[in-house]
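Enquirer: Pasted the sequence and its predicted model underneath.
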Amino acid sequence: MAKTTRSIPPGNPGENDLLGQLENASKAFLSRRALLAGASGAAAATMMGVEGATSAHAAAAAGKTVRWANWGLYLDFDNKTKKYPTLEAFQKATGIKATYQEAIDDNDTFTAKVAPQLRLKKDIGYDIVTMTEWKAAQWVASGFVQKLDDAAVPNKKNVQASLLNRPFDVGRHYSLPWAGIIAGIAWSKSALPKGLKTLDDLFAPANKGRIEVLSEMRDTIGLIMMWQGVDISKSFTDAQFQKAVDFLQKKIKDGYIRQVKGQSYAEDLISGDAIAVIGWSGDINQLNLQNGNRFGFAVPESGGTFSTDNLMIASTSPNKAAAEALINYYYDPAVAAKVANYITYVCPVNGAKEAMAKINPKQVNNPLIFPTDAMWKNLKVFRELNPTDTAKYARIFQKAIGNG
């Protein structure tokens, strides 16, 4: 699920509908990422990026280290140098050493690994973590993150206004949106040359045993519920939720679904073990960049899901100043456009679309980065769940996929 620099003008009914959903949901859902490739010259830092990185705050943090845990395939990457161009530019401009790890495959499993240390107030080995909105809400509520110093992150002013006042973090004092996520259906073009448009197509008998779905409950169950006629952005009943879970469980039992996975479903698409999946838009685009455009992606006719992944500073981080300098750097429009050019998730930074025109004009009208009106109308945000429903639905979902 994920994105948000918009090509839709203010007041557009398609946009307002989705923004209304965002305002009503303090936990949307999801996970995903994407990796490299892109326009020539993307490795060079623009003056805008350098100026954003060399603030007084960054200068004060020079010589220090910042450690970032992110999802796989979620930052611009150069296959030849095996480095991340924008991260290299940040280090050169600021003198701050940055270590980057693709340490997150699933919100719950990553949190389960680090939560005991966070509760004991011990360093988790990361300064910045990138959590999907619903899980970010839990981190904020649990006191697992530090408050951002707005003066140290002046580029916060570039964040899309619609994402600055999320219910779980009004004013964005503890988190900032890294990317917007769209969950839909994807497939192998060689195995399924006609493509997929609906969940009926996804679960066709011919695909039996070679389908995979996401371990993110709000994505997988969200898509199924919409297909069953439920508006997941509004109030729905336990029975409606259970109906979607029952469908999923039966497809697992009957052998249609080979696995329920986090972002590692991408490996199975490449190997051919899976030919049809519920997956994330940016992942599929990046797989195509590195595998000869072998895969297709679509928002189902019944609707796709939308959420954001968010940068936060762990409560145990000893490198807050360096972390804030890095966060500020990535909200420079030129830097944000470079990242979006690679990962092709929705970009949450104002001015990135204009910057993209200089970096890679072909991406300016890419609806997976800058969604169209029609796409916004077909995306839903999984509604906010109270703590009781969160625990209940998670337990039901985990049991259905064999973890309960």
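Expert: Yes, it's here. Numbers count the residues shown, from 1 in each chain.

Enquirer: Could you pull out the buried residues of stretch 67-78?
Expert: The neighbour-count check on stretch 67-78 (16 or more other CB atoms under 10 Å) flags Arg67, Trp68, Ala69, Asn70, Trp71, Gly72, Leu73, Tyr74, Leu75, Asp76, Phe77, Asp78 as buried. C-beta coordinates here come from the backbone N, C-alpha and C atoms, glycine included.

Enquirer: ugh, typo on my part, it should be stretch 189-201
Expert: For stretch 189-201, burial by neighbour count (16+ other CB under 10 Å) applies to Leu192, Leu196, Leu199, Asp201.

Enquirer: pLDDT score for the third one?
Expert: Meaning Leu199. We have a pLDDT of 98 for Leu199.

Enquirer: What segments of the stretch 51-200 of the chain are helices?
Expert: Here the stretch 51-200 of the chain has its helices, by DSSP state H, counting those that start in this stretch, at 56-61, 85-94, 107-119, 133-141, 199-202.

Enquirer: Check which residues of the longest one are buried.
Expert: So that's helix 107-119. The neighbour-count check on helix 107-119 (16+ other CB under 10 Å) flags Asn107, Asp108, Phe110, Thr111, Val114, Leu118 as buried.

Enquirer: and those as TSV, adding pLDDT?
Expert: Below are the buried residues of helix 107-119 laid out as TSV (pLDDT from 0 to 100):
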residue	pLDDT
Asn107	92
Asp108	90
Phe110	97
Thr111	97
Val114	98
Leu118	98
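
Enquirer: Max pairwise distance over the buried residues of stretch 189-201: which two?
Expert: Distance extremes for the buried residues of stretch 189-201: the farthest pair is Leu192 and Leu199 at 13.9 Å, using CB to CB.

Enquirer: Quickly list what's touching both of these two.
Expert: Contact with both Leu192 and Leu199 is made by no residue, according to CB atoms under 8 Å, 6 or more residues apart in numbering.

Enquirer: Of the buried residues of helix 107-119, just say which sits nearest to Ala137.
Expert: Asn107 (10.9 Å).

Enquirer: my read: that closest one touches Glu216, true?
Expert: Yes - counting by CB atoms under 8 Å, Asn107 does reach Glu216; the two are 7.1 Å apart.

Enquirer: Touching, Gln91 and Ala98? I think so.
Expert: Yes - if you go by CB under 8 Å, Gln91 and Ala98 touch, sitting 5.4 Å apart.

Enquirer: Could you check which of the two has the larger neighbour count?
Expert: Ala98 (21 against 16; other CB atoms under 10 Å).

Enquirer: quick one, longest strand in this protein?
Expert: strand 176-188 (DSSP state E).

Enquirer: buried stuff in that strand?
Expert: Within strand 176-188, the residues scored as buried using 16+ other CB under 10 Å are 176-188.

Enquirer: For Asp238, the count of nearby residues, please.
Expert: With neighbours defined by other CB under 10 Å, the count for Asp238 comes to 11.

Enquirer: List the residue ranges of the protein that fall below the pLDDT cut-off.
Expert: The chain contains residues with pLDDT under 70 at 1-56, 59, 404.

Enquirer: got the domain boundaries for it?
Expert: Domain ranges of the chain: 13-180+306-380, 183-303+387-400, per automatic domain parsing.

Enquirer: Which parts of the stretch 201-350 of the chain are helices?
Expert: 217-227, 238-253, 265-271, 281-290, 320-329, 333-343.

Enquirer: How about Asn319: what's its closest non-neighbour residue?
Expert: Asp127 (4.7 Å; CB to CB, 6 or more residues apart in numbering).

Enquirer: Wait, that neighbour touches Ala321, no?
Expert: No - in this structure, Asp127 is not within contact of Ala321 by CB under 8 Å, at 10.0 Å.
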